[in-house]
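*Asks:* no FASTA, just this:
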Ligand code: AGP
């Protein structure tokens, strides 16, 4: 949520900051702003709307500057207006602040600052930070920021500049990620690495409770308690093309089409055909716990939670250990039964989702072994877990998660097999599963060839106002995910249900205006799903079915069939979801929606 970018160096800052904001816009896009030092003044421009509007505003005059901060916002406190956009300033307009996160005690701080004579001008929580810094400023910017932040409760990633310190940026982190880019004689700060990679691959990830003071000749890192920290420079491994569209009209489509490769990456070097098991380095130190535990919890939000549901089916089938899948936002606030015989897997693409992070901390506090299934290397969840498995899907920019979802499922299948082989799965069965896993990337590529056919189907349905998605067994969570994808990017109301549950309520919705998407592949529940299709048809519902290649029976019953290659039941979600991603994509495009930046959403949800 929200994106921060800052620059200090010898180059013109405004183009670097605007370019950086565009690369971060997937994090939040309801308003944007910039503050830079120019000719002994702080120049500030901000506006409600997309970064392109800010760019237009800034193109009216050339601003000569080599230091500045910028922000793209996802509103929490106060509507998305010009005034509420960041940067925010103190009473005299001398201190400018950009902030990600939420200041929980902002009402109390507002009262305190108002009593002290400060004039607060916006509805935001962030503005209090600028005034607090002003309140504590005695000539040392870093010190004033440190004292101000020690009075703040909540989460923040902040970057601050001050008129009195024309060659310094101060930034700090607590709960909202910040990355420092070290370009030798120029420095960058950003809420993730995307805007930094075009300039340098050398980065330092700030930890919670750390502040950095960045000047032309380098940077220092200290804690809120003034302890010095030796920076750990890391190298980013991915390349620029991973965060560009590469000829596709949208990131989402590019990422859907990357799935054969991302699935290959998720299994590369991890299959042990001889022993019918998997090798997962990040779990090596935990084999004893994996063998011992009598309870597994999978926690996540949104799409990652759907992956968790599929993981539950896989893990229970292969390990016979009871598995629970919990929304992280619920888990953190109830009193979960967790002990040192429990393993918790936190599943998160970004590795920064606030609820998932809090759930994992709660589980650790209660004695569980906490492991991660993350995409972003070095993310907070990846660092705070005791171990885990990266999904290696590469940067996912489209707000609607696609390739991360399939890679999460793939990794869950690898973990299930590893644990299954420790318990109930025979070597032969293990080898069979591995053979099926190896075929999946090519099978995914086959499905992508149906893109035009799916686009045609979309053209018959894009004006509908409701959709129902039904599936059973391993494909019930896929029905949920199909509905989520459609509603996120096309704003069509869609619900996912276990197919047999339909008759306990949703069947009342069915008429000739209700499209029903069935996942009706030749698996162990096929016959049952077929009966559910009949029930819909006899009420004049229009059926779209994901079917198994060569299935003539279903083709004779259903007008809109999308056939997918055959695989073993447990791996079917890896394939059945791809047509649903494409269907949602094409419908959204036909409705004129901004698929990469759907309204009200943000890629990385770092607030509660
Ligand atoms: C997916 O399309 C979503 N936009 C959203 O549900 C997402 O999956 C969820 O916020 C979790 O994010 P994470 O995987 O980064 O933790």
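*Replies:* Sure, I can see it. Every value quoted in this text rests on a predicted model; they were computed, and no experiment measured them.

*Asks:* phi, psi of the residue in the stretch 251-400 of the chain that the ligand sits nearest to?
*Replies:* In the stretch 251-400 of the chain, the residue that lies nearest the ligand is residue 302 (1.8 Å; C-beta to the nearest ligand atom). For every residue, glycine as well, the C-beta is placed using N, CA and C. Backbone geometry at residue 302, expressed as degrees, to the nearest 10, gives phi 60, psi -130.

*Asks:* ok, how many other residues are close to it?
*Replies:* Neighbour count of residue 302, defined by other C-beta atoms under 10 Å: 22.

*Asks:* Verify the stated contact: it with residue 487.
*Replies:* No - using C-beta atoms under 8 Å, residue 302 is not in contact with residue 487, being 11.5 Å away.

*Asks:* ok, now how distant is the residue of the stretch 251-400 of the chain closest to the ligand from residue 594?
*Replies:* 19 Å (C-beta to C-beta, to the nearest Å).

*Asks:* Could you verify my assumption that residue 448 touches residue 256?
*Replies:* Yes - applying C-beta under 8 Å, one finds residue 448 in contact with residue 256, separated by 7.4 Å.

*Asks:* Can you show me the helices along the stretch 301-450 of the chain?
*Replies:* All helices of the stretch 301-450 of the chain, identified by DSSP state H, counting those that start in this stretch, fall at 302-319, 328-331, 354-365, 380-384, 403-422, 427-448.

*Asks:* Can you give me the buried ones in the fifth one?
*Replies:* I take that to be helix 403-422. Buried residues in helix 403-422, counted by 16 or more other C-beta atoms under 10 Å: 403-421.

*Asks:* swap in the first one?
*Replies:* With burial defined by 16+ other C-beta under 10 Å, the residues of helix 302-319 counted as buried are 302-315, 317-319.

*Asks:* Next up, the contacts around the residue in the stretch 501-608 of the chain that the ligand sits nearest to.
*Replies:* As assessed by C-beta to the nearest ligand atom, the ligand sits closest to residue 605 within the stretch 501-608 of the chain, at 4.7 Å. Applying C-beta atoms under 8 Å, 6 or more residues apart in numbering, we find residue 605 in contact with 1, 301, 353, 354, 355.

*Asks:* which helices and strands does the helix or strand hosting residue 142 pack with?
*Replies:* Assessed by DSSP states H and E, residue 142 sits inside helix 141-150. Using 3 or more C-beta pairs under 8 Å, 6 or more residues apart in numbering; DSSP states H and E, the elements in contact with helix 141-150 are helix 127-136, strand 156-162, strand 165-174, strand 210-215.

*Asks:* And that helix, how far out from the chain middle?
*Replies:* Averaging C-alpha positions (C-alpha atoms, centre = their mean, to the nearest Å) puts helix 141-150 31 Å from its chain's average.

*Asks:* buried set for it?
*Replies:* 141, 142, 143, 144, 145, 146, 147, 148, 149.

*Asks:* Name the residues that touch that helix?
*Replies:* With C-beta under 8 Å, 6+ apart, helix 141-150 has contacts from 129, 132-138, 156, 158, 160, 162, 164-165, 168, 170, 172, 174, 211, 213, 222, 224, 226.

*Asks:* Could you check the angle it makes with strand 156-162?
*Replies:* With axes from the mean of the first three to the mean of the last three C-alpha atoms, to 10 degrees defining the directions, helix 141-150 sits at 150 degrees from strand 156-162.

*Asks:* Helix 141-150 to strand 210-215, inter-axis angle?
*Replies:* On the basis of the same axes, to 10 degrees, helix 141-150 is oriented at 160 degrees to strand 210-215.
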